[in-house]
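Student: Below are the sequence and a predicted model; questions follow.
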Amino acid sequence: MSPSAEVPVATAGVSRVPAGDALLQVRHLVKHFTVGGGLFGGTPGVVRAVDDVSFAIRRGETLGLVGESGCGKTTTGRCILQLERPTSGQVIFEGRDLTGLDQVALRPVRRRMQVIFQDPYSSLNPRMTVGQILAEPIAVHRLITNAARRRERVHDLLQRVGLLPQHADRYPHQLSGGQRQRVGIARALAVEPALIICDEPVSALDVSIQAQIINLLEDLQAELHLTYLFIAHDLAVVRHISDRVAVMYLGKIVEIADRRELYENPLHPYTQALLAAVPIPDPALEASRPRPVLGGEVPSPLNPPSGCVFHPRCPIAVDRCRGEIPPLREITPGHWAACLLA
Amino acid sequence: MPALAVARFERRLCRRNPVLGGGRKERAVRRATTVGRGAKPPAECDEVPLRGATLRGVVGTLLEVRNLQTHFATRGGVVRAVDGVSWDVREGETVALVGESGCGKSVSALSIMRLVAAPAGRIVGGQILFKGRDLLRLGEEEMRRVRGREIGMVFQEPMTSLNPVLNIGRQLTEGLEIHLKLSPADARRRAEELLAMVGISDPGRRLRQYPHQFSGGMRQRMMIAMALACNPSLVLADEPTTALDVTIQAQILELMKDLSRRLGVAMLIITHNLGVVARYADRVNVMYAGRIVERATAREVYGRPRHPYTLGLLRSVPRLDEPRRARLTPIEGQPPDLTRLPPGCAFAPRCAFCVERCTREAPPLAEVDAGGHVSACWEAARLERVGEPVR
Ligand SMILES: Nc1ncnc2c1ncn2[C@@H]1O[C@H](COP(=O)(O)OP(=O)(O)OP(=O)(O)O)[C@@H](O)[C@H]1O
Ligand SMILES: Nc1ncnc2c1ncn2[C@@H]1O[C@H](COP(=O)(O)OP(=O)(O)O)[C@@H](O)[C@H]1O
Ligand code: SF4
Ligand code: SF4
Ligand SMILES: [Mg+2]
Ligand SMILES: [Mg+2]
């Protein structure tokens, strides 16, 4: 399949978008990890961390990716960045399939695609000052070779993310969590990327600081025409920031739609359960709200259930669900769900 | 069920009023009668209170924290983690302690259990009255009994509070044998019951497993079983679901709430999640920089916040029940360094309502209306005029 071909139907949500409008296309992405069978014996098994995932992100758009712990969100992000080599499938970024490229060929691509991590504490080198942290990628990618100009650029970056020039001389441990996350964002911006993968960028921050960082990400997107893949488990935050939202469960996308459509008219029982489980900060409303609790837990990706992977927990499952794998289908225009009954 | 205490547990379950197990509506009615100082006991009393013979509206105070001060000596100076804090929990009630990380929530809970890490950490003042006794004056032996039996505790990270090399069964039966003096066989039977009670299936097999063989949600269920093992009258739950996924969080919170209702156990829920508080707490204490800045019933705090920090918190979170806003409204700035608290109101540098007096004088926690709603803000009256502030 050549990268310039029409986006295949399975590339949910943008089926009628010409391929050229998509900055990133993920096609049938699979990532399996082999575990066990080593030192500690046990039968070797295959963790199906990402199991046939397809989606596309348009230029300037924010795609939210939600799902419970271990469902494969981070692995999807790492496969896009080629930090993890996919088992199969394609990652087409700015028109090129990255899965076949070697490290040398990937270098210029890495500049166009950056990542912001959840944990601002561990993702910054503790022995470097903020100024050094920000100058390093600029030097490595030879964006600015003159040291004085580089310092200027660092100050410009600090200002952009709401920090002060004097923060350049601080070490990460001398900053608060919110400030460290600002440094993480500035570092991602330093190389002028087109796409930023934000992996739980506000989950470790206090609520009052989360709003600051979300506003900052939105401002930067507008100013710099950035495209985001926004990975998070907080459904309210994802609704706020995303244009479209994909819901993952056990390595698969079970639903993907425009933000509004997904939250107002969720079609997949898992999405419905997720939304019902979110407590709303209003005691009067909570007292009157039905509270169906989804039973059971996410099964192990080592041994996923047959048929629809959600069937052991699904409140409306029928016999058929145990045997048939529901394909991701376009139920209404732009709204895709993987449920036999949707 | 041989031992006396176990029989007591059973009795309590048997005395369960059908209303309690009933639908949401009944529960809401029942809850409304338990909330607030001014709330009257229900007129006709088929509402059998589960613990003690008193009615919910007039039940006594179970735990009263008075002017608690817990400080840590660090290289950077004295951290006033808990700086003169007073609050209480009544029998059978669920009280929340909310605030940002580092504001002193965990240290408050640890102080009650007298588990503050010495020598750096010290309770330097105040009283902790539990059923009328000052826990700070108890001997270590007596305190151990309080910890094991009378006050249960559930932590955010169950893995760090479970013993990785002891099987689940042993961790449960140990306390039962020591505190309830059960025989090993009885303790085992009781342990199975406890696991079943918290929704762990096949308890016989599960008791032989080790913590690492449990998922995060199951470990938290196990912690709850341990906390409830000896029929405590109070459970302190410090961020009990913060490490869990939203569907598992909902399971665990429903379980805790259900058990606390059925067994009449009072709960202190410590969390930074405003949604969790709204769903489960009767009364709320909002903490900032080592102090309580606002306290009221949950409905009051959310519906008519009278402290700028509470108002700011409520405004800063996106909500699923409201139209999406174009922009979030954060609280600007950062929480203060607890070793260098400003002289006046600790919130002043971030406060939109700040007036000149705020930077000089610390506002006391004062009543803002008759229903027991208190706020530590010089401008609390102005907040009332903000009108419907949250929406
Ligand atoms: N290097 C690895 N070796 C084996 N299994 C792995 C590896 N990396 C991830 N996995 C497994 O793949 C699955 C998906 O993991 P991933 O980190 O993508 O989840 P996630 O959705 O990001 O979860 P979280 O919300 O907890 O961050 C999990 O079951 C995880 O244990
Ligand atoms: N062992 C300790 N040594 C020094 N400072 C501590 C210690 N434990 C907690 N603190 C400090 O006390 C304050 C309150 O902490 P804590 O109660 O854990 O906050 P939270 O509200 O997040 O639970 C923080 O400033 C924290 O850094
Ligand atoms: S396919 Fe069946 S089990 Fe899966 S979500 Fe739909 S109804 Fe539930
Ligand atoms: S006392 Fe002053 S600074 Fe403090 S919260 Fe009230 S208005 Fe703001
Ligand atoms: Mg992850
Ligand atoms: Mg804490």
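Tutor: Nice, I can see it. Numbers count the residues shown, from 1 in each chain, chains lettered A, B, ... in the order given. Ligands and ions are numbered 1, 2, ... in the order given.
Student: OK, contacts around A:S306?
Tutor: For A:S306, the contacting residues are A:R322, A:G323, by C-beta atoms under 8 Å, 6 or more residues apart in numbering or on different chains. C-beta: built from backbone N, CA, C; applies to glycine.
Student: how close does it get to ligand 3?
Tutor: In this view, A:S306 and ligand 3 are 11 Å apart by C-beta to the nearest ligand atom, to the nearest Å.
Student: Buried residues of the lengthiest helix in chain A, list them for me.
Tutor: Counting residues, the longest helix found in chain A (DSSP state H) is helix A:207-224. Going by neighbour count (16 or more other C-beta atoms under 10 Å in any protein chain shown), the buried part of helix A:207-224 is A:207-218, A:220-221.
Student: How about stretch A:90-106?
Tutor: In stretch A:90-106, counting by 16+ other C-beta under 10 Å, buried: A:Q90, A:V91, A:I92, A:F93, A:D97, A:L98, A:T99, A:L101.
Student: can you check stretch A:71-90 too?
Tutor: In stretch A:71-90, counting by 16+ other C-beta under 10 Å, buried: A:71-82, A:84, A:86-87, A:89-90.
Student: Quickly check: it near ligand 1 or not.
Tutor: Yes: Stretch A:71-90 lies within reach of ligand 1 by C-beta under 6 Å from any ligand atom, at A:C71, A:G72, A:K73, A:T74, A:T75.
Student: Serialize those residues to a markdown table and add fields for secondary structure, pLDDT and distance to A:I144.
Tutor: Output for those, formatted as a markdown table (DSSP: H, G, I helix; E, B strand; the rest coil; pLDDT from 0 to 100; distance: C-beta to C-beta, whole Å):
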| residue | secondary structure | pLDDT | distance to A:I144 |
| --- | --- | --- | --- |
| A:C71 | coil | 91 | 40 |
| A:G72 | coil | 93 | 37 |
| A:K73 | helix | 94 | 34 |
| A:T74 | helix | 93 | 32 |
| A:T75 | helix | 95 | 34 |
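Student: Out of those residues, the closest to chain B would be?
Tutor: A:C71 (9.1 Å; C-beta to the nearest C-beta).
Student: Once you drop chain neighbours, what's closest to the residue in chain A that ligand 2 sits nearest to?
Tutor: When distances are taken as C-beta to the nearest ligand atom, chain A reaches nearest to ligand 2 at A:D206, 9.1 Å away. With C-beta to C-beta, 6 or more residues apart in numbering or on different chains as the criterion, A:D206 has its nearest non-adjacent residue at 4.0 Å, and that residue is B:E100.
Student: Looking at that neighbour now. What's its pLDDT?
Tutor: B:E100 is assigned 88 on the pLDDT scale.
Student: In the stretch 251-391 of chain B, what residue spans correspond to helices?
Tutor: Counting by DSSP state H, counting those that start in this stretch, residue ranges of the helices within the stretch 251-391 of chain B are B:274-280, B:298-303, B:308-316, B:380-385.
Student: distance of B:D245 from A:K252?
Tutor: Going from B:D245 to A:K252 by C-beta to C-beta, to the nearest Å gives 17 Å.
Student: ah, wrong one, I meant B:G99
Tutor: Plainly put, B:G99 is 38 Å away from A:K252 if you go by C-beta to C-beta.
Student: for A:I214, same thing?
Tutor: A:I214 is 28 Å from A:K252, by C-beta to C-beta.
Student: coming back round to it: which of the residues of stretch A:71-90 next to ligand 1 lies closest to B:L234?
Tutor: A:C71 (36.5 Å; C-beta to C-beta).
Student: Near ligand 2, which residues of chain B are found?
Tutor: Counting by C-beta under 6 Å from any ligand atom, chain B sits next to ligand 2 at B:72, B:74, B:79, B:81, B:99, B:101-107, B:117, B:120-121, B:338.
Student: Same list, those residues, but only the ones touching ligand 4.
Tutor: Of the residues of chain B next to ligand 2, not one also sits near ligand 4 (C-beta under 6 Å from any ligand atom).
Student: Please pick the buried ones from these.
Tutor: B:F72, B:V79, B:A81, B:G99, B:G102, B:C103, B:G104, B:K105, B:S106, B:V107, B:G121, B:L338.
Student: Can you tell me the strand partners of the helix or strand the third one falls within and which way each runs?
Tutor: I take that to be B:A81. Using DSSP states H and E, B:A81 sits within strand B:77-90. The strands beside strand B:77-90 in its sheet (DSSP bridges) come out as strand B:61-74 (antiparallel).
Student: Contacts for the strand it pairs with next, please.
Tutor: B:78-91, B:93, B:104, B:107-108, B:110-112, B:116, B:119-131, B:233-234, B:266, B:268, B:339.
Student: how distant is that strand from the center of its chain?
Tutor: 15 Å (C-alpha atoms, centre = their mean, to the nearest Å).
Student: And stretch A:160-172, by the same measure?
Tutor: Distance, centroid of stretch A:160-172 to centroid of chain: 27 Å (C-alpha atoms, centre = their mean).
Student: Any buried residues in the helix or strand hosting A:I133, and which?
Tutor: Taking DSSP H and E as the criterion, A:I133 maps to helix A:130-140. For helix A:130-140, a neighbour-count test (16+ other C-beta under 10 Å) marks A:V130, A:G131, A:I133, A:L134, A:A135, A:P137, A:I138 as buried.
Student: any idea of the mean pLDDT for stretch A:209-223?
Tutor: Across stretch A:209-223, pLDDT averages out at 94.
Student: hmm, that stretch in reach of chain B?
Tutor: Yes: on the criterion C-beta under 8 Å from any C-beta of the partner chain, stretch A:209-223 is in touch with chain B at A:I209, A:Q210, A:A211, A:Q212, A:I214, A:N215, A:E218.
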